[in-house]
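1. Dropping a prediction and its sequence here:
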2 protein chains.
Amino acid sequence: MILYARFDWLHFYRLLNSYHHFGRPIVRGEATPRLREALEDDIVAGRLRPGQRLDEVGLAERFNVSRTPIREALIQLASSGLVEIRPRRGAFVLLLGPRELIESFELMAEIEAACARLAARRMGDEDRAALESAHHACEDAVRAGDPEAYYPTNAAFHAAIYAATGNRVLAAEALRLQRRLQPYRRLQLRVPRRMDASFAEHEAILAALLAGDGEAAAQALRAHVLVQGERFMSLITALQDEADVVARAG
Amino acid sequence: MILYARFDWLHFYRLLNSYHHFGRPIVRGEATPRLREALEDDIVAGRLRPGQRLDEVGLAERFNVSRTPIREALIQLASSGLVEIRPRRGAFVLLLGPRELIESFELMAEIEAACARLAARRMGDEDRAALESAHHACEDAVRAGDPEAYYPTNAAFHAAIYAATGNRVLAAEALRLQRRLQPYRRLQLRVPRRMDASFAEHEAILAALLAGDGEAAAQALRAHVLVQGERFMSLITALQDEADVVARAG
DNA sequence: CAGTCAAATCTTGCATACAAGATCATTGAC
DNA sequence: GTCAATGATCTTGTATGCAAGATTTGACTG
């Protein structure tokens, strides 16, 4: 029985063969992708702060292009969750509220736990090597006591777990979320001794992964991400109280 | 309070001037979201097929707008994973290859499993009621033996689980993936007896959720989604063989 | 002096213009 | 007859123009 006779398989294969569309960019010509990356870097690196307004004309002048590619870059950033576009009001660097932060970290924890479970079962020798290499890079940053250096190596360690699942769609999704939370993680790692604790947790996760114990790895990774979220929330709260005191004093 | 405002000559004059754009809607500020929704509906409902090209000019004429809002809608759809934009070549309804399909279903399975675990722990009376109501709607469609009616009720049942987690970020993510896979699920449910099996699985999932057994619900839901993916893959393979035969014959 | 309302100003949303890359068709060689 | 090269045509990517919503300003009212 023909269930879907008119499905266009010819086109299907032409598409598949001509383009590896899961390596990524949903981007186009020249300016727009460059702008998207530049703005994304600025946001993730903290040069543009959450809540800050992104003026189309200003950005167009800064990058020496017209408003059109700026708009398109902003729309992409909004779709990937780094920017919020309020109709007829402009674009703002996304500012997650306490509730959204908790929920985002919970989502991240669940996705990473799934990654750990799958990675433990499936990873090959290259994945193992990449994971250990990323872990050692983290170790170096910890030894140096340098949070600024730990931050990218930490991201790379997590990314290595995503990659080890062998599931590119899942890995892409995890990376997207990771980038979305990166501006907040950056704040979080400044909490005293958090870096050392984080690294210790990495060690447990890595051990479980190498032992092929998916459930243990999943549990450990979920807890690792959730504790980041919780630590971060208490930091936020503390900062907020501080701000309130200052506000009352002023 | 002024009950009847003075006649606004300035606004009247501007309104008059605005009529020199003939044949176009005079009200602005709603084109892009409207287009995005219309195109999304067309894709999810299967009126636009995976792999089909989306010509900017053609769409602009069809919707009686310029290319600009069409482009912006397409970019949004690309970011949410329903459309693929190939630089300087145009936009196409996303056509997932076999590998991407498997991986996407796996991701979906993991996310839904997480939803089930959380929902079992957290759902309140309203969530329970919504879940049961959605389940009964599914039952009606199954009794009627109507796959076309089953799709939306099935989607609603799953959506009710997402909502029951109380985590809006997670729920939004799950919904995004659900929509991305909807065009393919539609194909899948035409497999004979799949609808009945699906409903039976729903029943087990619902029972576990109502019993508060998160692990059981997670397991059942993961298997439920994965089996959809596997069924679908064998369908794809069958169609592919068929297409090969046709290709050789032609 | 605070609060309100209208008009000037600013910014976005959409339309249109145009250049450059991609596709297609025709021609010519082998 | 197949294939390659070349130009015509089509389509996208970016720039620019313009009108309406949003914001600010400033004058007026109570």
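-> Perfect, thanks for sending it. Residues are numbered from 1 along each chain as shown, chains lettered A, B, ... in the order given.
2. Phi first, then psi, for residue A:86.
-> Listed backbone geometry of residue A:86 is phi -100, psi 120, with angles given as degrees, to the nearest 10.
3. Can you pull the residues of chain A lying near DNA strand C?
-> Of all the residues in chain A, those in contact range of DNA strand C (C-beta under 7 Å from any atom of the strand) are A:55-57, A:67-68, A:71, A:85, A:87-91. In short, each C-beta sits where N, CA and C put it, glycine included.
4. for the residue of chain A found nearest chain B, what are its contacts?
-> Nearest residue of chain A to chain B, counting by C-beta to the nearest C-beta: residue A:79, 3.0 Å away. Taking C-beta atoms under 8 Å, 6 or more residues apart in numbering or on different chains as the criterion, residue A:79 is in contact with B:75-76, B:79-80.
5. Which of those residues fall within strands?
-> Cross-referencing those with the strands (criterion: DSSP state E) gives no overlap at all.
6. now, among these, which is nearest to chain A?
-> Of all the contacts of residue A:79, the one with the least separation from chain A (C-beta to the nearest C-beta) is residue B:79, at 3.0 Å.
7. Quote the end-to-end distance of stretch A:83-95.
-> Stretch A:83-95 has an end-to-end distance of 8 Å (C-alpha to C-alpha, to the nearest Å).
8. do it and DNA strand D meet at all?
-> Yes: Stretch A:83-95 comes into contact with DNA strand D (C-beta under 7 Å from any atom of the strand), by way of A:87-89.
9. Now do the buried residues in that stretch.
-> Judged by neighbour count using 16 or more other C-beta atoms under 10 Å in any protein chain shown, the buried positions of stretch A:83-95 are A:83-85, A:91-94.
10. got JSON lines for the residues you listed, with pLDDT too?
-> Supplementary listing: the buried residues of stretch A:83-95 in JSON lines, determined by pLDDT from 0 to 100:
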{"residue": "A:83", "pLDDT": "96"}
{"residue": "A:84", "pLDDT": "95"}
{"residue": "A:85", "pLDDT": "96"}
{"residue": "A:91", "pLDDT": "96"}
{"residue": "A:92", "pLDDT": "96"}
{"residue": "A:93", "pLDDT": "95"}
{"residue": "A:94", "pLDDT": "92"}
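11. Break down chain A into its strands, ranges please.
-> Along chain A, the stretches classed as strands by DSSP E are A:53-54, A:83-86, A:90-93.
12. by contact count, what packs against the shortest one?
-> Right, strand A:53-54. Under the contact definition 3 or more C-beta pairs under 8 Å, 6 or more residues apart in numbering or on different chains; DSSP states H and E, strand A:53-54 sits against strand A:90-93.
13. Direction included, what does the strand it packs on pair against?
-> Partner strands for strand A:90-93, per DSSP bridges, with pairing direction: strand A:53-54 (antiparallel), strand A:83-86 (antiparallel).
14. so who does the residue nearest to residue A:121 when sequence neighbours are not counted touch?
-> Distance criterion C-beta to C-beta, 6 or more residues apart in numbering or on different chains; nearest residue to residue A:121, sequence neighbours excluded, is residue A:214 at 5.5 Å. Contacts were defined as C-beta under 8 Å, 6+ apart; by that measure residue A:214 touches A:116-121.
15. and if you look at residue A:142?
-> Taking C-beta under 8 Å, 6+ apart as the criterion, residue A:142 is in contact with A:150, A:195-196, A:199.
16. quick one: which of these is most hemmed in?
-> Greatest neighbour count in the contacts of residue A:142, by other C-beta atoms under 10 Å in any protein chain shown, goes to residue A:150: 24 neighbours.
17. was I right about that residue contacting residue A:197?
-> No: proximity of residue A:150 to residue A:197 does not meet the contact threshold set by C-beta atoms under 8 Å, at 11.7 Å.
18. what's the most distant pair in the residues of chain A next to DNA strand C?
-> Distance extremes for these: the farthest pair is A:68 and A:89 at 19.1 Å, using C-beta to C-beta.
19. Domains of chain A: list them as residue ranges, please.
-> With automatic domain parsing as the criterion, the domains of chain A are listed as A:9-93, A:98-249.
20. pLDDT of the last one, averaged?
-> What it means is domain A:98-249. Here domain A:98-249 scores 88 as its mean pLDDT.
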